[in-house]
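[1] just to be clear, the model below is a prediction. Sequence and coordinates:
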Amino acid sequence: MPSGKSWRHAAARRCVFLATACAAAFVAVPKGLAIFGVLLVVSTVLVPDKIVAGWSRQESLRTTTWLVLGVLLLCILSMMFSGQEWRTVDNVSRLLVMPWCAALMYAVGMSRFGLWAGAVSGLLLSFGIAVWQVSGGLDRADGGGNPIVFANVVLMLLAIAIYARPAVRRRWTLTLLATVLALGMATIVLTGSRGALPGLAALLLVTLIGGTGQTRWWRLALSLSLPALLLVAMWSLPGLSSQTRLEVVNSDLARYARGDVDTP
């Protein structure tokens, strides 16, 4: 018969795993983080003693907490001096989730596999939403919100899928990684967001340029050729060009040169 502490720890570990998976899987869905929030609260209620112990023992957790509180305090002081309303602190206050999640991860000894699995699921879900919206007649896939935000979320999920992947190299993981990369790129194109394209190119460059020895050179050649081919395809294919609205880049640059800082 497991003890009370071991049972609570096991239950909290399962909740944290589901929370990390849901945080990435449903971040592109409106109100999708509600499940993550509920699981976070349940996990905290199960192991409050371990969270307190971890915060008192780990210098990195305390440092992160004080840094977040410092940023929040600076935002409140700025709000008071500029005469802004309290709602301006809303976005900054969400930084408090960082030390909270870090303390939970330390308390239950959680790996990053749940976050990676959630990111892969989120990319598959985002691609399905984008295809469904565009095929239904929507000009730009937005995930039920803003196309630019939707593209940035997909880019973030791509970064998690790449850098939080399992350390063990197996054929199925590399195949899955290549698949989600392709689907993520297609999703960003379907959003029509040009702002995410430089970030996507940088992510591909850093991902493919890694490696040592003989593989480094073909990775470097591939990392330079793929973004170039993608750019040529978007400029030359009418469907991709209209979707990403590249034909208006010159007019946007001209407006910016005239002092219009509100251009895309």
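    Perfect, thanks for sending it.

[2] and stretch 106-124, what's buried?
    Burial within stretch 106-124, assessed by neighbour count using 16 or more other CB atoms under 10 Å, is assigned to 106-108, 110, 112, 114-124. To be clear about C-beta, it is placed using only N, CA and C from the backbone, and glycine gets the same treatment.

[3] chain center to it, what's the gap?
    Averaging C-alpha positions (CA atoms, centre = their mean, to the nearest Å) puts stretch 106-124 12 Å from its chain's average.

[4] equivalent analysis for stretch 72-82, please.
    So, by CA atoms, centre = their mean, the centroid of stretch 72-82 is 28 Å from its chain's centroid.

[5] for that stretch, give the mean pLDDT please.
    For stretch 72-82, mean pLDDT rounds to 88.

[6] which of the buried residues of stretch 106-124 lies closest to residue 10?
    residue 108 (9.0 Å; CB to CB).

[7] right, and the helix or strand after the helix or strand of the chain with the lowest mean pLDDT?
    In the chain, the helix or strand scored least confidently by mean pLDDT, DSSP states H and E is helix 238-244, which has a mean of 54. As assigned by DSSP states H and E, the chain's next helix or strand after helix 238-244 is helix 249-257.

[8] any regions of the stretch 1-150 of the chain where pLDDT drops low?
    Where the stretch 1-150 of the chain drops to pLDDT under 70, the residues are 1-5.

[9] what about the strands in it?
    Ranges of strands within the stretch 1-150 of the chain: none, based on DSSP state E, counting those that start in this stretch.

[10] buried sites along stretch 83-102?
    With burial defined by 16+ other CB under 10 Å, the residues of stretch 83-102 counted as buried are 92, 95, 99-102.

[11] how about residue 54, what does it touch?
    Residues counted as contacts of residue 54 (CB atoms under 8 Å, 6 or more residues apart in numbering) are 61, 103, 106-107.

[12] rebuild those as a markdown table, extending it with distance to residue 28.
    Putting the contacts of residue 54 into a markdown table (distance: CB to CB, whole Å) gives the following:
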| residue | distance to residue 28 |
| --- | --- |
| 61 | 29 |
| 103 | 26 |
| 106 | 28 |
| 107 | 28 |
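
[13] for those residues, which one is nearest residue 174?
    Closest approach to residue 174 among the contacts of residue 54 (CB to CB): residue 106, at 30.4 Å.

[14] gap between that closest one and residue 67?
    17 Å (CB to CB, to the nearest Å).

[15] before we move on, what about residue 114?
    Distance, residue 114 to residue 67, using CB to CB: 25 Å.

[16] so which of the buried residues of stretch 83-102 is the closest to residue 160?
    Among the buried residues of stretch 83-102, residue 101 lies closest to residue 160 (CB to CB), at 13.8 Å.

[17] residues in contact with stretch 67-80?
    Contacts for stretch 67-80 (CB under 8 Å, 6+ apart): 84-86, 88-89, 92-93, 95-96, 98-99.

[18] can I get these in a markdown table with distance to residue 28?
    Formatted as a markdown table, the contacts of stretch 67-80 follow (distance: CB to CB, whole Å):
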| residue | distance to residue 28 |
| --- | --- |
| 84 | 30 |
| 85 | 29 |
| 86 | 29 |
| 88 | 25 |
| 89 | 25 |
| 92 | 22 |
| 93 | 22 |
| 95 | 21 |
| 96 | 23 |
| 98 | 20 |
| 99 | 25 |
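
[19] pLDDT below threshold where in the stretch 151-264 of the chain?
    Scanning the stretch 151-264 of the chain for pLDDT under 70 picks out the ranges 168-171, 208-250, 264.

[20] show me the helices in it, by range?
    171-191, 196-209, 215-236, 238-244, 249-257 (DSSP state H, counting those that start in this stretch).

[21] out of the buried residues of stretch 106-124, which comes closest to residue 45?
    residue 107 (12.2 Å).

[22] leaving out chain neighbours, which residue sits closest to the closest one?
    Distances taken as CB to CB, 6 or more residues apart in numbering place residue 50 nearest to residue 107, at 3.8 Å, with adjacent residues excluded.
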